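Trainee: Predicted coordinates and the sequence they were generated for:
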Amino acid sequence: MSAQNVYEEAISNPNLTAEEKRNLELTKAWSDAYGDLDNIERFCDTYAESTEIYTPLQDWYWAKHGHSNQAWRDGEIAMLEFISHRKEKIVSILARGDTVAVQVSIELTSKDGQSRQGAFAAFLKFDEDGKIVSDHSFLGRHPRPTPDQAPGAFKPTLEKLLEINP
């Protein structure tokens, strides 16, 4: 089933509350914005200023409540130095109350033309303003990121993120 069909099937469920329908629409916008490298701020702006972005399998916070999310935003912008294309495709999506569970496949192409594909699942929690206040993304068993192994432009982001990671 295509990504559009998966989304259309979910959004057309007659049992959805208004909040759940809104959150499915916001998740679709989040997924579309992920691939808009000409306006990465649009993707970043889907998140609340006070948000939590956490990858449990790495036990790593990209943003944490009570702290600025600027280091994460800077990291998203720094990615533009390495990638020329990225795209998400919704594989599965389900809304319950203020939270959406979404599984996506992704494509990434580096500036030197190397392509990579992968998948992850995320639990996105939305506030009353329609911003993501919690994103717990399950990315696979990649190692925890470290500044000493990061490409130059991404190193300052990871160094800053060490402040919120135990």
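Mentor: Happy to help now that I have it.

Trainee: Please spell out which residues along the longest strand anywhere in the chain are buried.
Mentor: Among all segments of the chain classified by DSSP state E, the strand with the greatest residue count is strand 83-96. If you call a residue buried by 16 or more other CB atoms under 10 Å, then strand 83-96 has these buried ones: 86-90, 93, 95. For glycine as for every other residue, the C-beta is placed from the backbone atoms N, C-alpha and C.

Trainee: tell me what that strand is packed against?
Mentor: The criterion is 3 or more CB pairs under 8 Å, 6 or more residues apart in numbering; DSSP states H and E, and the helices and strands that strand 83-96 contacts are helix 3-11, helix 18-34, strand 99-110.

Trainee: remind me which residues of this protein are low pLDDT?
Mentor: Low-confidence segments of the chain, defined by pLDDT under 70, are located at 1, 3.

Trainee: try it again with 80
Mentor: For the chain, the stretches with pLDDT under 80 are 1-4, 141-145, 150-152, 154, 166.

Trainee: Please state the offset of stretch 114-123 from the chain centre?
Mentor: 11 Å (CA atoms, centre = their mean, to the nearest Å).

Trainee: Name the residues that touch that stretch?
Mentor: Contacts with stretch 114-123, where a contact means CB atoms under 8 Å, 6 or more residues apart in numbering, come from 91, 99-110, 134-140.

Trainee: That stretch: which residues count as buried?
Mentor: By neighbour count on 16+ other CB under 10 Å, the buried set for stretch 114-123 is 120, 122.

Trainee: And for stretch 94-108?
Mentor: Of the residues in stretch 94-108, those buried (16+ other CB under 10 Å) are 95, 98, 100, 102-104, 106, 108.
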